[in-house]
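Participant: Here is a sequence together with a model predicted from it:
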Amino acid sequence: MASKEFGDFQTPLPLVRQIVELLGPVGQKWTRVLEPTCGRGNFIRGLLESPSPPDEIIGVEIQQAAAAEASSLALLASAKDCRLRVLNDSAFGISFAADLRWQTQGPLLVLGNPPWVTNAELGSLGSSNLPRKSNIKGLRGILALTGHSNFDIAESIWIKLLSQLRCINAHVALLCKTSVARNVLTHTRKVGLPVSGAALRMIDARRWFGASVGACLFSLDLNAGPTDYEADVFDDLMARSPSRKLGFAREALVADIENYRRVSFVEGASPLEWRQGIKHDAAALMELTFDGFEYHNASGEVLDIEADYIFPLLKSSSLASGRQVRPQLAVIVPQKALNEDSTPLRHIAPRLWRYLHEHADVFRARKSSIYKGRPLFSIFGIGDYSFAAYKVAVSGLHKRPRFVPVGPCCGKPTMLDDTCYFVPCDSAGQAATLAGVLNHPITASFIASTTFNDAKRPITKALLSRIDVLAVARQLPWRELADSASQQWDRFVGDAVKDRPEWPADFSAILDPTAGDRPRTLFA
């Protein structure tokens, strides 16, 4: 495998041969082939060994030794009546439209396997194998600061290829992460590129590359027919028919456009505001265990701090278990609002102040740019909503969402960490009702149609904000809603709250956050 600096996985010849067979007969469809990051030349070899090679192949490779190895295939190319040139250059330093000087005209196939590495990873290695610095996604403000502007090098190569070849009749087929394919498809629609025939054919990245990541052969046509930004998804490379189709709904890419259309009535502006849990990036100090007598941090240090600043904590794994949850951890909460000055702790919580200062270096070492220019012990995801006694919470990391009513523990509101999202509620009954609606199969079908299981965080605040719980509730008979709320109460709340609520005859009244003369939470 090549140096991590170049972020590439050399494509095994057996996989190359499957891809060439899938695309073939190549020479009868495309007279010329471009490989923008050809490595040691496995794709070139696969093309030359196929029954129908193209008339001309140009490869581009930044690593000199790899480029020389690919160039050594010239004798094989000559024997196959194919012109072969390998350029020792960077994909970012060459114009795919102006610099290649093709000797053959006709349809173009772009084939290969660009680097599977992000710009941030290469930057941390001090690599020069990077595109020109730019915010290619046009992000603004905090989105560009918190990782949204990080992108795969393959994504940048895709965008450059499509931009520079947009006036050429070309078929582009590149191995890449499925996340890259989705981002590229979104980009083509955003800028109006003339693409059609898009398809994602899944591959087993662990088998071929030893990588635990969703990956595919992503292909599309330029200038080959009416523009179409939907994409067929095939479960494996040689599948004969697609299992689903990606498509766009309300400017967002969804995983299964046909299933989405069946439950599209759920789509809307959420009548409630979803919140993210506490972010501190100092778990070893801020998250605690309790042995029945004392609190300990991750190093085993016994804490002697004011109890008013210690709260029960739930994390994603507990929410996803599907069982009644009871916090096993605690978290230090040194502030009640964003950007609150922690200096007063010196006088009102001197033992906590001393503990924080003893570990100040850990807080200074936090890498995220969101902490820059803020008080040293700042945390995020904190506000009045954090201290609501009842919440409905969901893990952002798990493929199958479970919406869990969460109540107080030991007389204190339960906190969630930043891998979770939640809605504050005014009572346990309200939380149980909301959880019943969110866990209903209609809602589950909507979420499944819009989410991508290989995403690092399948459930996001943006997705949750699109769920109109009123629209779901209106589809359900009163008895079904009441039974669902009761089931959520029994399963998650149980005997933690003694008084079972009376379910109202009209659920729309408690599901409408704008009813009355003032803005309210979902169940005011």
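Facilitator: Perfect, I can see it now. Residues are numbered from 1 along each chain as shown.
Participant: Got the domain ranges for this structure?
Facilitator: 4-195, 275-511 (automatic domain parsing).
Participant: I'd like these laid out as CSV, including mean pLDDT, mean neighbour count and distance to residue 222.
Facilitator: For every residue, glycine as well, the C-beta is placed using N, CA and C. Putting the domains of the chain into CSV (pLDDT from 0 to 100; neighbours: other CB atoms under 10 Å; distance: least, CB to CB, whole Å) gives the following:
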stretch, mean pLDDT, mean neighbour count, distance to residue 222
domain 4-195, 85, 18, 5
domain 275-511, 87, 18, 25
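Participant: would you list these in a markdown table and tack on distance to residue 243?
Facilitator: What follows is the domains of the chain, written out as a markdown table (distance: least, CB to CB, whole Å):
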| stretch | distance to residue 243 |
| --- | --- |
| domain 4-195 | 13 |
| domain 275-511 | 13 |
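Participant: in this protein, which residue is closest to the centre?
Facilitator: residue 455 (3.9 Å; CA atoms, centre = their mean).
Participant: Quick check: that one touching residue 183?
Facilitator: No. Applying CB atoms under 8 Å as the test, residue 455 and residue 183 come out as separate, 11.2 Å apart.
Participant: What segments of the stretch 351-500 of the chain are strands?
Facilitator: All strands of the stretch 351-500 of the chain, identified by DSSP state E, counting those that start in this stretch, fall at 390-395, 404-406, 415-416, 420-425.
Participant: From residue 397, how far out is the residue nearest to the centre of the chain?
Facilitator: 10 Å (CB to CB, to the nearest Å).
Participant: shared neighbours of the two, anything?
Facilitator: In terms of CB atoms under 8 Å, 6 or more residues apart in numbering, residue 455 and residue 397 are not both contacted by any residue.
Participant: coming back round to it: can I get the strands of the stretch 351-500 of the chain in TSV including distance to residue 84?
Facilitator: Output for those, formatted as TSV (distance: least, CB to CB, whole Å):
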stretch	distance to residue 84
strand 390-395	51
strand 404-406	60
strand 415-416	58
strand 420-425	53
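Participant: which ones are touching the closest residue to residue 319 other than its chain neighbours?
Facilitator: In this structure, residue 319 finds its nearest non-sequential neighbour in residue 395, 4.5 Å apart by CB to CB, 6 or more residues apart in numbering. Contact analysis of residue 395 by CB under 8 Å, 6+ apart lists 316-317, 319-320, 401-402, 419-420, 459.
Participant: got it, and residue 11?
Facilitator: 39, 42-43, 113, 175, 208.
Participant: got it, and residue 104?
Facilitator: So residue 104 contacts 31-32, 54-56, 83 (CB under 8 Å, 6+ apart).
Participant: And for residue 33?
Facilitator: 26, 47, 54, 56-58, 108-111.
Participant: Out of those residues, name the two that are farthest from one another.
Facilitator: Using CB to CB, the pair of those lying farthest apart is 26 and 58, separated by 14.4 Å.
Participant: Show me the strands in the stretch 1-150 of the chain, by range?
Facilitator: For the stretch 1-150 of the chain, the strands defined by DSSP E, counting those that start in this stretch cover 32-35, 56-61, 83-88, 108-112.
Participant: Let me see the residues that make contact with the last one.
Facilitator: Residues outside strand 108-112 that contact it (CB under 8 Å, 6+ apart) are 19, 23, 26, 29-30, 32-38, 43, 47, 54, 161, 165, 168-175.
Participant: what helices or strands is the longest helix that the chain contains leaning on?
Facilitator: When the chain is parsed with DSSP state H, its longest helix is helix 178-191. Helices and strands touching helix 178-191, by 3 or more CB pairs under 8 Å, 6 or more residues apart in numbering; DSSP states H and E, are helix 153-164, strand 195-203, strand 215-222, strand 244-249, strand 252-254.
Participant: Redo the ones you listed as JSON lines? Include distance to residue 104.
Facilitator: Below are these laid out as JSON lines (distance: least, CB to CB, whole Å):
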{"stretch": "helix 153-164", "distance to residue 104": "18"}
{"stretch": "strand 195-203", "distance to residue 104": "23"}
{"stretch": "strand 215-222", "distance to residue 104": "18"}
{"stretch": "strand 244-249", "distance to residue 104": "34"}
{"stretch": "strand 252-254", "distance to residue 104": "36"}
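Participant: Mind checking these for the one nearest to residue 391?
Facilitator: Closest to residue 391 of these, according to CB to CB: strand 252-254, at 26.1 Å.
Participant: Contacts only, for the residue nearest to residue 466 when sequence neighbours are not counted.
Facilitator: Closest residue to residue 466 apart from its sequence neighbours, by CB to CB, 6+ apart: residue 267 at 5.7 Å. The contact partners of residue 267, by CB under 8 Å, 6+ apart, come to 249-250, 446, 466, 468.
Participant: got it, and residue 278?
Facilitator: By CB under 8 Å, 6+ apart, residue 278 lies in contact with 331, 333, 379-382, 386, 415-418.
Participant: Please name the nearest non-neighbouring residue to the residue nearest to the centre of the chain.
Facilitator: Spatially, and ignoring its direct neighbours in sequence, residue 455 is nearest to residue 179 (6.7 Å; CB to CB, 6+ apart).
Participant: show me the contacts for that neighbour.
Facilitator: Residue 179 neighbours (CB under 8 Å, 6+ apart): 152, 214, 452, 454-455.
Participant: could you redo the last one with a cut-off of 7 Å?
Facilitator: Neighbour list for residue 179: 214, 454-455 [criterion: CB atoms under 7 Å, 6 or more residues apart in numbering].
Participant: For residue 34, give its distance to residue 54.
Facilitator: 10 Å.
Participant: let me redo that: residue 92
Facilitator: For residue 92 relative to residue 54 (CB to CB), the value is 25 Å.
Participant: try residue 278
Facilitator: Applying CB to CB to residue 278 and residue 54 gives a distance of 57 Å.
Participant: Could you do residue 237 as well?
Facilitator: To residue 54, residue 237 is 21 Å away according to CB to CB.
Participant: if we can go back for a sec, and which of the contacts of residue 11 is nearest to residue 261?
Facilitator: Distances from residue 261 to the contacts of residue 11, taken by CB to CB, are shortest for residue 175, at 30.5 Å.
Participant: Verify the contact between that closest one and residue 113 for me.
Facilitator: Yes. The pair residue 175 and residue 113 passes the contact test of CB atoms under 7 Å, sitting 4.1 Å apart.
Participant: Residue 195: which of the contacts of residue 33 is nearest?
Facilitator: Using CB to CB, the contacts of residue 33 come closest to residue 195 at residue 110, 12.7 Å.
Participant: residues contacting residue 277?
Facilitator: 381, 415-420, 422.
Participant: Closest one of these to residue 15?
Facilitator: residue 419 (34.4 Å).
Participant: got a list of what that closest one touches?
Facilitator: Residue 419 sits in contact with 277, 315-316, 395-397, where contact means CB under 7 Å, 6+ apart.
Participant: With residue 448 instead?
Facilitator: By CB under 7 Å, 6+ apart, residue 448 has no neighbours at all.
Participant: any idea how far it lies from residue 77?
Facilitator: Distance from residue 448 to residue 77, by CB to CB: 48 Å.
Participant: same deal with residue 70?
Facilitator: Note on residue 70: its distance to residue 77, by CB to CB, is 11 Å.
Participant: For the stretch 201-350 of the chain, which segments count as strands?
Facilitator: With DSSP E, counting those that start in this stretch applied, the stretch 201-350 of the chain shows strands at 215-222, 231-234, 244-249, 252-254, 275-276, 287-290, 295-296, 302-303, 310-314, 329-332, listed in chain order.
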